[in-house]
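K.L.:
just coords:
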Ligand SMILES: C[S@@+](CC[C@H](N)C(=O)[O-])C[C@H]1O[C@@H](n2cnc3c(N)ncnc32)[C@H](O)[C@@H]1O
């Protein structure tokens, strides 16, 4: 316990906390202690560093101890602080959403390289959107693009919608609760998917931060970790535009097996992309046979590095059917004048009714994506 008597100094509190975190097996103990104290005191890291001798107030000590206890139980920093940066953008989190991983940026970068200069009006689908990080990162870079994020978790869709609003992307992002593409019809230029891909039996042996705190629905990939890829393969066939591409996140060593699953469904593997740690992190597939990718050399041609993250936390996955007794659509829209041409220009007008409006099973057709709500 941190001393609770009056007068403990910032520097002393940090040192004591870092020791306790180290003893609990936290690798980044000193940094985490500083970030937690910063949150407890509502002070910047710089402000704390500038006054190591300042005595903590009673409320600051109590708040620090409460946050520290959570980290000592190996709750991830992102969950304690309620946010995580991805693609240099801030994303809020809820217990039902995976903490975005830096290696998933590999998909965003590969997707951006696939679309030509802005102006093409790319339509993008994000299957298993979670916090919305993949879709929203892409939309933040392409003002002409618009997209739909799907998740079987209603809480995830609500959060993704809030993240879109916070990032000023509401007019081009829509979120639908559903089982992969079950609530959709229509085709997309790009389909992103970071499905659960951890073998069920391996989840318990992952780092406590993952095993205890990540939603099982975001991890569990069945007995062999590949169950969601098998579900997704026919979804890609239904959702991809003729010249479109799907970009699929891979777990360690899954590239060949996932490629075989896609091939068995008639899909073509076009390229693989490595994350910064050198792992095959992204498989690019298409309906049509491969052709040279715009602006990219593909992995088979010998490219060895691709932007992404160094983390290689295994994830797997889980759950699936039966979560969509009703499909609820979270329409997010801005003033029509601010929308890019064609963005959610719903014939029914439902998608244009104000910001962050939740529509419950009332929209049955949206011209941009033909999102079916049942
Ligand atoms: C590994 S997480 C990825 C989240 C986010 N896209 C990211 O990259 O951080 C997988 C997501 O798929 C969702 N999911 C799992 N099964 C699903 C299903 N059958 N249909 C739709 N989403 C599903 C989970 O709720 C979870 O949010």
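P.N.:
Noted; the coordinates are in hand. Since this is a predicted model, take the numbers as computed values, not measurements.
K.L.:
any weak-confidence spans in this protein?
P.N.:
Applying pLDDT under 70 to the chain flags the ranges 1-6, 116-119, 292-374.
K.L.:
all helices of it, in order?
P.N.:
10-23, 29-41, 45-50, 58-72, 77-81, 105-114, 133-141, 154-166, 208-211, 216-219, 227-239, 255-264 (DSSP state H).
K.L.:
if you compare those helices, which one is most tucked away?
P.N.:
helix 133-141 (a mean of 25; mean count of other Cβ atoms under 10 Å). In this view, the C-beta of every residue, glycine as well, is placed from N, C-alpha and C.
K.L.:
Does residue 174 touch residue 157 like I think?
P.N.:
No: taking Cβ atoms under 8 Å as the definition, residue 174 is not a contact partner of residue 157, at 9.7 Å.
K.L.:
This protein against the ligand: which residues are in contact?
P.N.:
Contact residues (Cβ under 6 Å from any ligand atom) of the chain with the ligand: 97-98, 100, 104, 128-131, 133-134, 150-153, 156, 179-180, 194-196, 217-218, 315, 319-320.
K.L.:
and with 5 Å instead?
P.N.:
Proximity of the chain to the ligand (Cβ under 5 Å from any ligand atom) is limited to residues 98, 100, 104, 128, 130, 134, 151-153, 156, 179-180, 194, 217-218, 320.
K.L.:
Only whichever of those residues are buried, select them in PyMOL.
P.N.:
Only the buried entries of the residues of the chain next to the ligand go into this PyMOL selection, using 16 or more other Cβ atoms under 10 Å:
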select buried, resi 98+100+104+128+130+134+151+152+153+156+179+180+194+217+218+320
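K.L.:
Check the gap between the residue in the stretch 201-350 of the chain that the ligand sits nearest to and residue 24 for me.
P.N.:
Proximity of the stretch 201-350 of the chain to the ligand (Cβ to the nearest ligand atom) peaks at residue 218, 3.7 Å away. To residue 24, residue 218 is 24 Å away according to Cβ to Cβ, to the nearest Å.
K.L.:
Quickly list the domain ranges of the chain.
P.N.:
Domain assignment of the chain by automatic domain parsing yields the ranges 10-73, 84-301.
K.L.:
can I assume residue 234 is in contact with residue 264?
P.N.:
No: shown here, residue 234 and residue 264 do not form a contact pair, counting by Cβ under 8 Å, at 10.4 Å.
K.L.:
Name the residues of stretch 262-281 that are buried.
P.N.:
Of the residues in stretch 262-281, those buried (16+ other Cβ under 10 Å) are 262, 267-276, 279-281.
K.L.:
Turn these into a markdown table, columns for distance to residue 109.
P.N.:
Shown next, in a markdown table, are the buried residues of stretch 262-281 (distance: Cβ to Cβ, whole Å):
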| residue | distance to residue 109 |
| --- | --- |
| 262 | 21 |
| 267 | 22 |
| 268 | 21 |
| 269 | 18 |
| 270 | 15 |
| 271 | 13 |
| 272 | 13 |
| 273 | 8 |
| 274 | 11 |
| 275 | 10 |
| 276 | 10 |
| 279 | 15 |
| 280 | 15 |
| 281 | 10 |
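K.L.:
In strands only, show me those.
P.N.:
Within the buried residues of stretch 262-281, membership in strands is found for 268-274, 280-281, as judged by DSSP state E.
K.L.:
I'd like to know how many residues surround residue 7.
P.N.:
A count of neighbours around residue 7, defined by other Cβ atoms under 10 Å, yields 8.
K.L.:
what's the top strand by length along the chain packed up against?
P.N.:
Across the chain, the longest stretch assigned as strand under DSSP E is strand 240-249. For strand 240-249, the packing partners by 3 or more Cβ pairs under 8 Å, 6 or more residues apart in numbering; DSSP states H and E come out as helix 105-114, strand 188-193, helix 227-239, strand 280-286.
K.L.:
any idea of the angle the third one forms with helix 255-264?
P.N.:
Computed with axes from the mean of the first three to the mean of the last three Cα atoms, to 10 degrees, the direction of helix 227-239 lies at 40 degrees from that of helix 255-264.
K.L.:
ok, now the first one?
P.N.:
Direction vectors for helix 105-114 and helix 255-264, defined by the same axes, to 10 degrees, enclose an angle of 50 degrees.
K.L.:
elements contacting helix 105-114?
P.N.:
Helix 105-114 packs on helix 133-141, strand 188-193, strand 240-249, strand 268-274, strand 280-286, going by 3+ Cβ pairs under 8 Å, 6+ apart.
K.L.:
looking at these, which is closest to residue 19?
P.N.:
Residue 19 sits nearest to helix 133-141 of all the helices and strands packed on helix 105-114, at 33.9 Å, using Cβ to Cβ.
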